[in-house]
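Q: Attaching a predicted model along with its sequence, questions to come.
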Amino acid sequence: MHLATPGRRDAPVPPDDAGVSFVMPVLNEERYLRRAVASTLAQDVPGPVELVLALGPSTDASDEIAREIAAADSRVVLVDNPAADIPVGLNLAIGRSRFPTIVRVDAHSELRPGYTGRALATLRRTRAANVGGVMRADGRSPFQRAVARAYNSPVGLGGGAYHGGTEEGPAESAYLGVFRRSVLEEVGGFDETLRRGEDWELNLRIRRAGYRVWFDPALSVVYWPRESWTRLVRQFRATGAWRGELVRRYGRRNSLRFFAPPALVGGAALSLVVAVAQALGVVRSPAAHAVHVPVAAYGVLVAVVALGRGGGRGWRDRAWTAAVLPSMHLPWGAGFLWGVARGARDTVDTSRLDGRNTPLP
């Protein structure tokens with residue numbers, strides 16, 4: 001059944017057996033790479049498949065693992081990505097690939113069985129240029145599981161469809177994505193001047209070119225979040241800075257939900273200043289207490305989430321959840337304000353490396 005939307009362009013539909021190219025940027029993923037590759041190559045799709053790994057300058061055993069995998073399976077192709085940036089690696093991998101449908105895969109994720117076959121069927125049915133599904137975060141340690149719960153909560157990451165949406169339809173962006181190559185080539189691929197938010201920006205150009213980006217909640221990908229508090233904070237600070245950069249470039253085309261964390265940071269800063277002034281006796285007006293209401297309301301919201309069904313089991317899980325939520329929101333909001341004020345510039349996510357200022361997937 002053809003579900004074309006009036007006034008919108010249909011993406012081309014190649015033959016079912018024309019082949020699929022998976023592309024995956026890799027940097028310091030020795031703990032996750034084998035499982036990510038295995039879940040990708042296990043996808044049951046008609047026609048030939050290939051997996052192109054764009055290898056950044058890893059300091060762990062990722063390159064050795066990748067070479068071992070490629071030596072054992074001719075479907076795996078390696079390409080160097082010395083710049084390490086995600087968009088550069090993705091463009092290099094896409095340029096090296098051969099088939100008309102491109103499936104982006106994260107080395108920190110695992111595709112569920114049937115993911116690609118379902119995505120191909122959805123692309124064909126909707127004539128969309130890109131299809132994505134739900135990010136199902138998971139964890140191995142108590143902290144990582146708390147981060148996963150926050151990712152999967154509407155409160156944690158702001159309620160984007162791919163963080164828990166249940167209704168199929170047109171979308172602003174898509175997690176990872178299954179693309180038609182011809183549309184990627186038409187819009188110019190990933191923007192290599194961005195280090196975070198490159199997927200949102202690409203989907204914006206796809207939509208501005210008249211094509212559809214489609215969300216299908218039946219598609220599911222397991223994602224493994226950061227394993228420590230410092231890495232989480234560094235990740236979210238960098239991500240917020242690049243969202244601020246995207247606001248500088250595209251203004252209100254960014255969803256209003258992206259402005260909630262910086263509003264929280266601004267409210268917390270104002271509340272702190274007023275609290276100090278009240279303690280010193282500089283401010284005595286009872287009306288000044290109203291400044292603290294938004295921060296107090298946020299504290300109540302965090303407590304409700306932590307104590308509710310999404311907070312985990314037992315007091316330790318709930319305490320981790322309560323700690324993780326502001327550890328995501330406040331660095332993201334602070335980074336956003338920095339990015340809006342000064343631009344992201346050379347801001348990078350160093351959350352998967354120690355002691356190096358290197359971009360990461």
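A: Yep, it's here.
Q: Send over stretch 101-111 as PDB, restricted to the C-alpha atoms.
A: This file holds the C-alpha atoms of stretch 101-111, laid out as PDB (Å, rounded to 0.1, in the frame of the first residue of the first chain):
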ATOM      1  CA  THR A 101      19.900   1.500   0.800                       C
ATOM      2  CA  ILE A 102      22.200   2.800   3.700                       C
ATOM      3  CA  VAL A 103      21.600   1.600   7.300                       C
ATOM      4  CA  ARG A 104      23.500   3.600   9.900                       C
ATOM      5  CA  VAL A 105      24.600   1.600  12.900                       C
ATOM      6  CA  ASP A 106      26.300   2.800  16.100                       C
ATOM      7  CA  ALA A 107      29.100   0.600  17.500                       C
ATOM      8  CA  HIS A 108      27.500   1.300  20.900                       C
ATOM      9  CA  SER A 109      24.200  -0.300  19.900                       C
ATOM     10  CA  GLU A 110      22.700  -3.600  18.700                       C
ATOM     11  CA  LEU A 111      20.100  -4.100  16.100                       C
END
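Q: Please state the offset of that stretch from the chain centre?
A: Relative to the chain's own centre, stretch 101-111 is displaced by 12 Å; criterion: C-alpha atoms, centre = their mean, to the nearest Å.
Q: In terms of helices and strands, where is Phe236?
A: Here Phe236, judged by DSSP states H and E, is contained in helix 229-250.
Q: who's in contact with that helix?
A: 143, 147, 194-197, 200-201, 204, 225-226, 254, 258, 261-262, 323-324, 327-329, 331-341, 343-344, 347-352 (C-beta atoms under 8 Å, 6 or more residues apart in numbering). The C-beta positions use only the backbone N, C-alpha and C, and glycine is treated the same way.
Q: just checking, next helix/strand downstream of that helix?
A: helix 260-279.
Q: Buried ones in whichever helix or strand comes after that next one, by neighbour count?
A: For helix 260-279, the succeeding helix or strand toward the C-terminus, using DSSP H and E, is helix 293-307. Applying a neighbour-count criterion of 16 or more other C-beta atoms under 10 Å, one finds Pro294, Val295, Tyr298, Val302, Val305, Ala306 buried in helix 293-307.
Q: wait, doesn't the fourth one sit right on Pro326?
A: Yes: here Val302 lies in contact with Pro326, judged by C-beta atoms under 8 Å, at a distance of 6.6 Å.
Q: Could you tell me which of the contacts of helix 229-250 count as buried?
A: 143, 147, 194-197, 200-201, 204, 225-226, 254, 258, 261-262, 324, 327-329, 331-340, 344, 347-352.
Q: rewinding a little: which of the contacts of helix 229-250 fall within helices?
A: Counting by DSSP state H, those place 143, 147, 200-201, 204, 261-262, 323-324, 327-329, 331-341 in helices.
Q: For Arg181, which non-adjacent residue is closest in space?
A: Pro100 (5.0 Å; C-beta to C-beta, 6 or more residues apart in numbering).
Q: count of neighbours near that neighbour?
A: Using other C-beta atoms under 10 Å, the number of residues around Pro100 comes to 18.
Q: Glu168 versus that one, what's the distance?
A: 23 Å (C-beta to C-beta, to the nearest Å).
Q: Point out where the chain drops to low pLDDT.
A: Where the chain drops to pLDDT under 70, the residues are 1-7, 158-165, 348-361.
Q: tell me the centre residue of it?
A: Tyr175 (6.2 Å; C-alpha atoms, centre = their mean).
Q: Wait, that one touches Val134, no?
A: Yes: Tyr175 lies in contact with Val134 (C-beta under 8 Å); the separation is 7.3 Å.
Q: Put the alpha carbons of stretch 127-141 into PDB.
A: Once non-C-alpha atoms are left out, stretch 127-141 reads as follows in PDB (Å, rounded to 0.1, in the frame of the first residue of the first chain):
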ATOM      1  CA  ARG A 127       8.100   6.100   0.200                       C
ATOM      2  CA  ALA A 128      10.100   7.900   2.900                       C
ATOM      3  CA  ALA A 129      13.700   8.900   2.400                       C
ATOM      4  CA  ASN A 130      14.700   7.800   6.000                       C
ATOM      5  CA  VAL A 131      13.100   5.500   8.500                       C
ATOM      6  CA  GLY A 132      14.000   5.200  12.200                       C
ATOM      7  CA  GLY A 133      12.700   3.500  15.300                       C
ATOM      8  CA  VAL A 134      13.000   3.400  19.100                       C
ATOM      9  CA  MET A 135      16.300   3.600  21.000                       C
ATOM     10  CA  ARG A 136      16.000   1.100  23.800                       C
ATOM     11  CA  ALA A 137      18.700   2.000  26.300                       C
ATOM     12  CA  ASP A 138      20.100  -0.800  28.500                       C
ATOM     13  CA  GLY A 139      22.800  -1.100  31.100                       C
ATOM     14  CA  ARG A 140      25.100  -3.600  32.800                       C
ATOM     15  CA  SER A 141      26.100  -1.800  36.000                       C
END
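Q: That stretch: which residues count as buried?
A: Applying 16+ other C-beta under 10 Å to stretch 127-141 flags 127-139 as buried.
Q: same deal with stretch 84-95?
A: By neighbour count on 16+ other C-beta under 10 Å, the buried set for stretch 84-95 is Ala84, Asp85, Ile86, Pro87, Val88, Gly89, Leu90, Asn91, Leu92, Ala93, Ile94.
Q: Stretch 58-76 too?
A: Going by 16+ other C-beta under 10 Å, stretch 58-76 has these buried residues: Ser58, Ser62, Asp63, Ile65, Ala66, Ile69, Ala70, Val76.
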